[in-house]
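Novice: Predicted model, plus sequence, below.
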Amino acid sequence: MRLEHLRSDIAALEEYLGFRIDVGHANASVRDQDYRAYYTNDLRDHVARICADDIARFEYAF
């Protein structure tokens, strides 16, 4: 399951359990949807290096 699309990913678990899971959404922030605006090129490169395994595992584009 991935938080990015938890609602759709959790459907199979809900079907298996036989009930709907209400996960809610607490502490929502109002900010730009495109996270890339918050990263400088240097910071992006640093995060890409230290998170390379996760980026590959979850097929993220960074």
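Specialist: That came through fine. Residues are numbered from 1 along each chain as shown.

Novice: all helices for this protein, in order.
Specialist: All helices of the chain, identified by DSSP state H, fall at 6-9, 11-17, 41-50, 52-57.

Novice: Serialize these to a markdown table and add fields for mean neighbour count and mean pLDDT.
Specialist: Every residue, glycine included, has its C-beta placed from N, CA and C. Converted to a markdown table, these look like this (neighbours: other CB atoms under 10 Å; pLDDT from 0 to 100):
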| stretch | mean neighbour count | mean pLDDT |
| --- | --- | --- |
| helix 6-9 | 11 | 85 |
| helix 11-17 | 10 | 92 |
| helix 41-50 | 11 | 95 |
| helix 52-57 | 10 | 93 |
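
Novice: Select, out of the ones you listed, the one closest to residue 28.
Specialist: Closest of those to residue 28 is helix 6-9, at 13.7 Å (criterion: CB to CB).

Novice: ok, residues contacting that closest one?
Specialist: 1, 2, 23 (CB atoms under 8 Å, 6 or more residues apart in numbering).

Novice: Report the contact partners of the first one.
Specialist: The contact partners of residue 1, taken as CB under 8 Å, 6+ apart, are 9, 10, 13.

Novice: With the flanking residues excluded, which residue is spatially nearest to the second one?
Specialist: Which is residue 10. Once flanking residues are discounted, residue 10 sits nearest to residue 21: 5.9 Å by CB to CB, 6 or more residues apart in numbering.

Novice: pLDDT score for residue 62?
Specialist: At residue 62, the model reports a pLDDT of 69.

Novice: re the thing from before, of the contacts of residue 1, closest to residue 45?
Specialist: residue 9 (29.8 Å).

Novice: quick one on the thing from earlier: quick one: which of the helices of the chain is nearest residue 29?
Specialist: helix 6-9 (16.6 Å).

Novice: Alpha carbons of that closest one, as CSV, please.
Specialist: As requested, the backbone C-alpha atoms of helix 6-9 are provided in CSV (Å, rounded to 0.1, in the frame of the first residue of the first chain):
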residue,chain,number,x,y,z
LEU,A,6,-4.2,4.7,-0.1
ARG,A,7,-8.0,4.8,-0.7
SER,A,8,-7.7,2.6,-3.8
ASP,A,9,-4.9,0.4,-2.4
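
Novice: Format the contacts of residue 1 as TSV; extra columns: distance to residue 44.
Specialist: As requested, the contacts of residue 1 are exported to TSV (distance: CB to CB, whole Å):
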residue	distance to residue 44
9	27
10	30
13	34
